[in-house]
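Chemist: quick one, fold the following:
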Amino acid sequence: MGFKDVYNLVGGFKQWSGENLPVLQYDNNHSPWVHTVFEKETETAQYIVTDVESKEAYIIDPVLDYDPFSATVRPTMAKKILEFITKHNLSVTKIIDTHVHADHLTAAHYLKDLLPSKPEFWMGSNVTKVQEVFSQKYNLPGSQLSATGQQFDKLINEGDTWILGENIQCSVLSTPGHTPACMSYRIGDAAFVGDTLFMPDIGTARCDFPGGSAEQMYDSVQKMYKAWPNDTRIYVGHDYPPANSDRSVIVTTLGAHKEANQMVHEGISKNQYIDLRKKRDSQLRAPRFIHPALQVNTIYGSLLLLLADFPTIFLLIFLDQPTRWPSSC
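Modeler: Numbering: from 1, shown residues only. You can find the predicted model right below:
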């Protein structure tokens, strides 16, 4: 019937100790509970990752709802995350943005302010490179945007390891290509890759932003392919399914990407990928919210937006907590 790796277990589970049957040694690494909250406006997947035993949890890539016409922000999605955390009595210790997003405003600071556990906000250490690029693009002086990463509670580097709960092993890979600061987090058997990989029928994220690189993206994906087991669950940052798709689950395995990712499966060479990626990127428009998103997400999530092309200071109105203005106001 087309199935592979089928075995006859005559003799029961004792047979697994034999040399002729596949055995995966227990590596003291439990599987986290992953809950997805999908934000349809920017088609962003937000994740709550939990160790069920201790109820310690992380929030990954949370979104603030933004209306560009009225320049207002509403925490509709963030409130859904808070409701889920309250319902299950979770203790959030970390909020992680996989990179500096160009298509939505991060809800990290909003959530951090409201959560009693006061979680740390984590970002990849190469965020300083992104800050340097956009401080020049938006003509921001050092007093407005210090390109040191000090706006975040902790900067993460490749090779860092830690534990969720008591026994869920966590690690991180630096996966630049979409942006210089992109990081991919493996939490137990689940990996959160941000905009590095999309679902296999889509491929990867674009590489034409300042600091982006198709060459680096290919190398990043190959690093991922080599570092993680094939049964690693891959949770992507966005999903753009075909119009006729009924896809409701946006997770697959690393092995499925190796076999079927349309842009970077194992049979694709670097030059082939670069050609595919550059051709696709040439057809894409800039994200709708790129300017407010980049400014808010690099200036510590402040609600003050400075646009260098205009002598005007744009102020976002936060409809949920009107007293939360930055000190510079």
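
Chemist: tell me, what residue is most central in this structure?
Modeler: Gly194 (2.8 Å; Cα atoms, centre = their mean).

Chemist: what about the closest residue to that residue other than its chain neighbours, how many neighbours?
Modeler: Using Cβ to Cβ, 6 or more residues apart in numbering and skipping residues adjacent in sequence, the residue nearest Gly194 is Thr98, 2.9 Å away. Glycine gets a C-beta too; all of them are placed from N, C-alpha and C. Other residues near Thr98 come to 26 when the count uses other Cβ atoms under 10 Å.

Chemist: strands along the stretch 201-329 of the chain, start to end?
Modeler: Secondary structure of the stretch 201-329 of the chain by DSSP state E, counting those that start in this stretch: the strands cover 233-235, 251-253, 304-306, 313-315, 317-318.

Chemist: quickly, which of the ones you listed bottoms out on average pLDDT?
Modeler: Mean pLDDT across the strands of the stretch 201-329 of the chain is lowest at strand 304-306; the value there is a mean of 35.

Chemist: from the chain's centroid, how far away is stretch 251-261?
Modeler: Taking Cα atoms, centre = their mean, to the nearest Å, the mean C-alpha location of stretch 251-261 is offset from the chain mean by 17 Å.

Chemist: with only the CA atoms kept, save that stretch in CSV.
Modeler: In CSV, the C-alpha atoms belonging to stretch 251-261 read as follows (Å, rounded to 0.1, in the frame of the first residue of the first chain):
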residue,chain,number,x,y,z
VAL,A,251,2.5,22.4,11.1
THR,A,252,4.4,19.6,9.4
THR,A,253,7.7,17.8,10.0
LEU,A,254,11.2,18.7,9.0
GLY,A,255,11.3,15.5,7.0
ALA,A,256,8.3,16.7,5.0
HIS,A,257,10.2,19.9,4.2
LYS,A,258,13.3,18.0,3.1
GLU,A,259,11.2,15.9,0.8
ALA,A,260,8.6,18.4,-0.6
ASN,A,261,9.5,22.0,0.2
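
Chemist: what lies in contact with it?
Modeler: Here stretch 251-261 makes contact (Cβ atoms under 8 Å, 6 or more residues apart in numbering) with 34, 36, 191, 197, 199-201, 203-204, 221, 224-225, 228-236, 264-266.

Chemist: repeat the analysis, applying 10 Å as the threshold.
Modeler: Residues from elsewhere that reach stretch 251-261, judged by Cβ atoms under 10 Å, 6 or more residues apart in numbering: 34, 36, 45, 47, 186, 189-191, 193, 197-204, 221, 224-225, 227-236, 239, 263-268, 273.

Chemist: please check those residues and keep the buried ones.
Modeler: Among those, those classed as buried by 16 or more other Cβ atoms under 10 Å are 34, 45, 47, 186, 189-191, 193, 197-200, 202-204, 221, 224-225, 228, 232-236, 239, 263-265, 268, 273.

Chemist: just those residues: which are in helices?
Modeler: Using DSSP state H, the members of the buried ones among the contacts of stretch 251-261 that fall within helices are Val221, Met224, Tyr225, Tyr273.

Chemist: which of those residues sit farthest apart?
Modeler: Maximum pairwise distance in these, criterion Cβ to Cβ, is 13.7 Å, between Met224 and Tyr273.

Chemist: overlap in contacts of these two?
Modeler: Common neighbours of Met224 and Tyr273 (criterion: Cβ under 10 Å, 6+ apart): Val264.

Chemist: still on that earlier bit, ok, the residue nearest to the centre of the chain to Tyr47 distance?
Modeler: When Cβ to Cβ, to the nearest Å is applied, the distance between Gly194 and Tyr47 equals 11 Å.

Chemist: next, show the common contact partners of the two.
Modeler: Contact with both Gly194 and Tyr47 is made by residues Ile60, Asp61, Ile96, Thr98, Tyr185, Tyr235, Gly237, according to Cβ under 10 Å, 6+ apart.

Chemist: now, those residues that are in strands?
Modeler: Using DSSP state E to define strands, the subset of the shared contacts of Gly194 and Tyr47 located there is Ile60, Ile96, Tyr185, Tyr235.

Chemist: and the first one, how many residues sit next to it?
Modeler: What it means is Ile60. As a burial measure, Ile60 scores 23 neighbours (other Cβ under 10 Å).

Chemist: before we move on, what about Lys87?
Modeler: When neighbours are counted by other Cβ under 10 Å, Lys87 comes out with 8.
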